[in-house]
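K.L.:
Got a predicted model here, sequence first, then my questions.
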Amino acid sequence: MRLLLDTVTFVWAIGSPQRISRVALAALEPKSVVVEISAISLSEIAIKQAKGKLNLATENVLAAIEDLKLRVLPYTARHAYQLFGLPFHHTDPFDRQIIAQALAESIPVVTPDEKFSLYKGLKIIW
């Protein structure tokens, strides 16, 4: 099974793991689960870091990816094409790309963001 972490879930896993729901933590535990983070999340973190909205250095992100045993999911044209038909329930461009990516890959997203649940066919774990 594969799971895709939303950016906020990844940030919380690094600095505030107590904010992650018990259901989400349980889903992330089995050795058979491949937990992924989108390359889009890495871009979002870098941009927010540069703007001073997030204090998370590159080395901390790299260490967390390794410590959490995450696989980075590249963002491809197939994922971008999914955006063409995506309803505009969510206005954040990073989240929209993560939603499109999860739909294209048919993988659940681990997120507390309730707007994700508005997308038909997208499974949310929280």
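P.N.:
Thanks, I have the structure now.
K.L.:
Output stretch 33-49 as CSV, restricted to C-alpha atoms.
P.N.:
C-alpha atoms of stretch 33-49 as CSV (Å, rounded to 0.1, in the frame of the first residue of the first chain):
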residue,chain,number,x,y,z
VAL,A,33,3.2,0.8,3.7
VAL,A,34,5.3,2.9,1.3
VAL,A,35,5.0,6.5,2.5
GLU,A,36,5.6,9.2,-0.1
ILE,A,37,6.0,12.9,-0.1
SER,A,38,5.4,14.9,-3.3
ALA,A,39,8.1,16.9,-4.9
ILE,A,40,5.4,19.6,-4.9
SER,A,41,5.6,19.6,-1.0
LEU,A,42,9.4,20.1,-1.2
SER,A,43,8.8,23.1,-3.5
GLU,A,44,6.1,24.4,-1.1
ILE,A,45,8.4,24.1,1.9
ALA,A,46,11.3,25.8,0.0
ILE,A,47,9.1,28.7,-1.1
LYS,A,48,7.6,29.2,2.4
GLN,A,49,11.1,29.0,3.9
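K.L.:
mind checking how far it is from the chain centre?
P.N.:
6 Å (Cα atoms, centre = their mean, to the nearest Å).
K.L.:
can you pull out the helices in the chain?
P.N.:
7-15, 22-28, 39-50, 58-67, 77-82, 93-105 (DSSP state H).
K.L.:
Return the most buried member of these.
P.N.:
Mean neighbours per residue, mean count of other Cβ atoms under 10 Å, is largest over those for helix 93-105, with a mean of 21. C-beta coordinates here come from the backbone N, C-alpha and C atoms, glycine included.
K.L.:
Now do that helix against helix 39-50, angle only.
P.N.:
Orientation check (axes from the mean of the first three to the mean of the last three Cα atoms, to 10 degrees): helix 93-105 against helix 39-50 gives 170 degrees.
K.L.:
Next, the angle from helix 93-105 to helix 7-15.
P.N.:
100 degrees.
K.L.:
which residues make contact with helix 93-105 from outside it?
P.N.:
2, 4, 6-7, 38, 40-41, 43-44, 73, 75, 78-83, 86, 90, 108-109, 113, 115-116, 119, 121-122 (Cβ atoms under 8 Å, 6 or more residues apart in numbering).
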